[in-house]
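Chemist: missing the sequence, but the structure's below:
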C-alpha cells in the first residue's frame, strides 16, 4: 500500500529553509524602514533651505544660526522623526528623535549648501550627508552626518 503525504523530516527541512530565508530578509527590511523614516522626515528641512539660499543670493554669505534667518530655535522645528533642525554656517543639521528608529535616534544628517562662488546667480545646490560635491561647486558648512551610510537614501551616499 502506497501512502501519500510528507514525512515529519521533510516538513522540518522545509520549515528550516523558510526560517533561514526569513532571517536573511529581516536586516534588509529594517534598513528599508529606517531609510523610509529619513526620507519622510527630510521635507521638514525645506523650511530652512529657502531662507539660507535667499541669504546667499542677497549677500553671498550664509547665516550662522536659525535666528539670523528668522527661524525658531532648533528644538522647536520638529516632526514625528526629527527632534531639531539647526542651521550652522549655512549647513542644515537634522537631528533624529521623537518616534525615529532607535538606530538613528540622536543621530544627525547634514544638508550642506554648494555654490559657485564666482557666479552667485547659480542657485544653491544641497549636498546630503556623504554625497559628493557637484563638480565646479564649493560646499559650505561642516558635515556632521553620523548616520551609517546603509541607512541613508541613495542621494545621500558617496
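Modeler: That came through fine. Treat the numbers as computed from the prediction; the structure is a model and nothing was measured. Numbering: from 1, shown residues only.
Chemist: When you work out contacts or count neighbours from here on, use the C-alpha atoms and nothing else.
Modeler: Will do.
Chemist: how about the helices in the protein?
Modeler: 8-41, 46-59 (DSSP state H).
Chemist: Tell me the predicted confidence for the residue nearest to residue 139 when sequence neighbours are not counted.
Modeler: Using CA to CA, 6 or more residues apart in numbering and skipping the chain neighbours, the partner closest in space to residue 139 is residue 114 (4.1 Å). We have a pLDDT of 97 for residue 114.
Chemist: my read: residue 114 touches residue 127, true?
Modeler: Yes: contact criterion CA atoms under 8 Å: residue 114 and residue 127 qualify, at 6.7 Å.
Chemist: Now do the shared contacts for the two.
Modeler: 133, 139 (CA atoms under 8 Å, 6 or more residues apart in numbering).
Chemist: Can you tell me how far residue 86 is from residue 110?
Modeler: 9 Å (CA to CA, to the nearest Å).
Chemist: Tell me the residues that contact both of those two, please.
Modeler: 92-94.
Chemist: Closest to residue 143 out of these?
Modeler: Here the nearest of these to residue 143, counting by CA to CA, is residue 93; it sits at 8.3 Å.
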